[in-house]
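A.B. asks: Quick check, what structure comes out for this input:
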Amino acid sequence: MDRVRTAARRYADVLPRGVPVWGYLVGAVVAVGWVRVASTTWVFLGAAACILAIACMGLTILVGWGGEVSLAQASLVGTSTYITGYALRHDGLHWAFLPAAALGAVTVIALSALISLPTARLSGMYVMVLTLGLQVTLERTLFTNARFAGGVESVYTGRPRLFGLGLDSDRAYYFLPFLVLVGVIIGLRLFRHSRHGRALMMVGRDRRAAAAMGISPLRYKLLAFMIAGVLAGLAGALTTPLYRSPPTSLAFISVQSLFYLAVPVTAGFGSLLGVVVVAFVFTMTPHALESAVRISPLLLGGAGLMLGTYVGPGGFGGVLLDRVRAGREAVLLAADRPDHRPAANVDLDVRDPLSSTVGAGGQRP
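C.D. replies: Numbering: from 1, shown residues only. Predicted coordinates for the structure are as follows:
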C-alpha cells in the first residue's frame, strides 16, 4: 500500500500544479472537438503543428536540459521522413507503416548517437559546428537522392491503417500525431522527475560538478542526443503520411533547423506545453493572416529566436508564469494581513531564489 501511495504521489507531481480537474477535461474536449467544426485546411495545419511540437521537444531536452546546441534537427526529421516514405512506397520496400516508421526512427537515432560521441571532449561552439556539418552532409547526399526524396517524379505515399482504423482523411489522421504528442509530453514529464532526468540537467548545468558527484557526462550527453533523435524520428515518420508525397528538401534545409530551435527558445526551455502553443502559433498564424498580409513562418521563427534569446532561458512562458506567481503571492500576502493591506517593504517578486543557478533548461534538479 505504501508503494502504491508513493507512486501515486510521484505521478501526481508530474501534473502542473494549480490546474483543477475540470481544466484538463476542458482542454481535452477542445483539443479533440475543434477538428469537428474546423475546415480541413485548419485540421491539416493542426496535425503539422503537433508534429512540429514533437520535433522541437527534442531540442528542449538537448538544448534546455542537456546544455548542448544542435543545428541538425531539421535534417534528422527530413531523414526519417524520406526513409520512412521509401520503406512505405510500392517502388521502395513496401513495408507496413509501423516497421517503416521504426526504420526511419532507428536511422535517425543512430545518427544522433554518432554525433554525440565527440561531446565527451567537445562542447559549445564545436558541437554546433559538428551538428551543422551533419545538416549540410545530409542535404547534399540523402536529400538529393531521387530514390528517397522523389526527385522530379511524382511519387505517392498512402496513409496507414492502424488497429483496423483508416486514417485517410485529414480529420482522422490528425488524431495520430495528436495522441503521439500527448504521449511524448507525459513521457518527458515523467523523465524530468526521474533520477535520470535530474542527472541530465545536472550535467547540462555543470559537467565537472556532475562528474564529481559520480554522474557520467558522456552517458547523459549521449542520452540527450538520443532522446532528441527519437523525437525527430517520430516527427519524420508522422510527416511522411501527412503530405502523402515526399516534401521538397527545402523543408529540411539549414534555415529550418534554426526555425525548429526558435520554437523552444520562444516558449522557454522549462515548459513543454509552451512549446506546443508556440508550435501552433508559428504554424497557423501565416494562414490566418494570409488574406491581409503574407508572413513566412521563417519570419516568425527569426523574430521568436531573437526575442526569446533576449528574454532569457525561461522564454515568454517563463515570464508569464513569473507574473502569475507574483500575482498569486500578492493575493496571499494581502489575505494574511488583518487589514488586507500589503505590508511595507515586502518584496512581491516571488521568482525562485535559485533561479540564478539555473542552467539553460530553466529547471532545478
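
A.B. asks: residues in contact with the residue nearest the centre of the chain?
C.D. replies: Centroid-nearest residue in the chain, with CA atoms, centre = their mean: Met57, separated by 1.6 Å. Counting by CB atoms under 8 Å, 6 or more residues apart in numbering, Met57 touches Val184, Ile185, Leu188, Leu231, Pro264, Leu272, Val275. All C-beta atoms are positioned from the backbone trio N, CA, C, and that covers glycine.

A.B. asks: close enough to count as contact, the third one and Leu62?
C.D. replies: Pointing back at Leu188 there. No: in this structure Leu188 lies outside contact range of Leu62 using CB atoms under 8 Å: 12.0 Å.

A.B. asks: So for those two, which residue has more residues nearby?
C.D. replies: In this view Leu188 and Leu62 are compared by other CB atoms under 10 Å, and Leu62 has more residues nearby, 33 against 21.

A.B. asks: Ignoring the adjacent residues along the chain, who's closest to that one?
C.D. replies: Spatial nearest neighbour of Leu62, excluding adjacent residues (CB to CB, 6 or more residues apart in numbering): Ala228 at 4.2 Å.

A.B. asks: residue contacts, the one you found?
C.D. replies: If you count contacts by CB under 8 Å, 6+ apart, Ala228 has them with Gly58, Leu59, Ile61, Leu62, Ser70, Gln73, Leu76, Ser112.

A.B. asks: pretty sure the third one is in a strand, no?
C.D. replies: When you say that, I think you mean Ile61. No: counting by DSSP: H, G, I helix; E, B strand; the rest coil, Ile61 is not part of a strand but helix.

A.B. asks: Which pLDDT value goes with it?
C.D. replies: Model confidence at Ile61, given as pLDDT, is 95.

A.B. asks: Closest to Thr157 out of the contacts of Ala228?
C.D. replies: Set against Thr157, the nearest of these by CB to CB is Leu76 (19.2 Å).

A.B. asks: Isn't that closest one up against Ala232?
C.D. replies: Yes: counting by CB under 8 Å, Leu76 touches Ala232, with 3.8 Å between them.

A.B. asks: what do the two both touch?
C.D. replies: Counting by CB under 8 Å, 6+ apart, the shared contacts of Leu76 and Ala232 are Val108, Ser112.

A.B. asks: Using JSON lines, please lay out the contacts of Met57 together with distance to Leu98 and pLDDT.
C.D. replies: Below are these laid out as JSON lines (distance: CB to CB, whole Å; pLDDT from 0 to 100):
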{"residue": "Val184", "distance to Leu98": "17", "pLDDT": "96"}
{"residue": "Ile185", "distance to Leu98": "21", "pLDDT": "94"}
{"residue": "Leu188", "distance to Leu98": "22", "pLDDT": "95"}
{"residue": "Leu231", "distance to Leu98": "17", "pLDDT": "97"}
{"residue": "Pro264", "distance to Leu98": "28", "pLDDT": "95"}
{"residue": "Leu272", "distance to Leu98": "25", "pLDDT": "91"}
{"residue": "Val275", "distance to Leu98": "26", "pLDDT": "94"}
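
A.B. asks: Tell me which of those fall in helices.
C.D. replies: Within those, residues falling in helices by DSSP state H are Val184, Ile185, Leu188, Leu231, Pro264, Leu272, Val275.

A.B. asks: Save those residues as CSV, and put in distance to Thr107 too.
C.D. replies: Formatted as CSV, the ones in helices among the contacts of Met57 follow (distance: CB to CB, whole Å):
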residue, distance to Thr107
Val184, 19
Ile185, 25
Leu188, 22
Leu231, 14
Pro264, 24
Leu272, 26
Val275, 24
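
A.B. asks: Now do the helix or strand hosting Met226: distance to the chain's middle.
C.D. replies: Element membership of Met226 [criterion: DSSP states H and E] is helix 217-243. Remark: helix 217-243 is offset 10 Å from the chain centroid, using CA atoms, centre = their mean, to the nearest Å.

A.B. asks: what does stretch 104-112 give?
C.D. replies: The chain centre lies 17 Å from the centre of stretch 104-112; the measure is CA atoms, centre = their mean.

A.B. asks: List the buried residues in that stretch.
C.D. replies: Buried positions in stretch 104-112, judged by neighbour count with 16 or more other CB atoms under 10 Å: Gly104, Ala105, Thr107, Val108, Ile109, Leu111, Ser112.

A.B. asks: what sits against the fifth one?
C.D. replies: Going back to what we said before, that points to Ile109. Met226, Gly229, Val230, Gly233.

A.B. asks: rerun at 6 Å
C.D. replies: Residues in contact with Ile109 (CB atoms under 6 Å, 6 or more residues apart in numbering) are Met226, Gly229, Val230.

A.B. asks: What subset of these is buried?
C.D. replies: Met226, Gly229, Val230.

A.B. asks: roughly how far apart are the last one and Gly314?
C.D. replies: Relative to Gly314, Val230 is positioned 26 Å away (CB to CB, to the nearest Å).

A.B. asks: so where do the helices sit in the stretch 251-365 of the chain?
C.D. replies: Under the criterion DSSP state H, counting those that start in this stretch, helices of the stretch 251-365 of the chain are mapped to 254-267, 272-288, 297-311, 315-336.

A.B. asks: Does anything pack onto the last one? Which helices or strands?
C.D. replies: I take that to be helix 315-336. Judged by 3 or more CB pairs under 6 Å, 6 or more residues apart in numbering; DSSP states H and E, helix 315-336 is in contact with helix 254-267.
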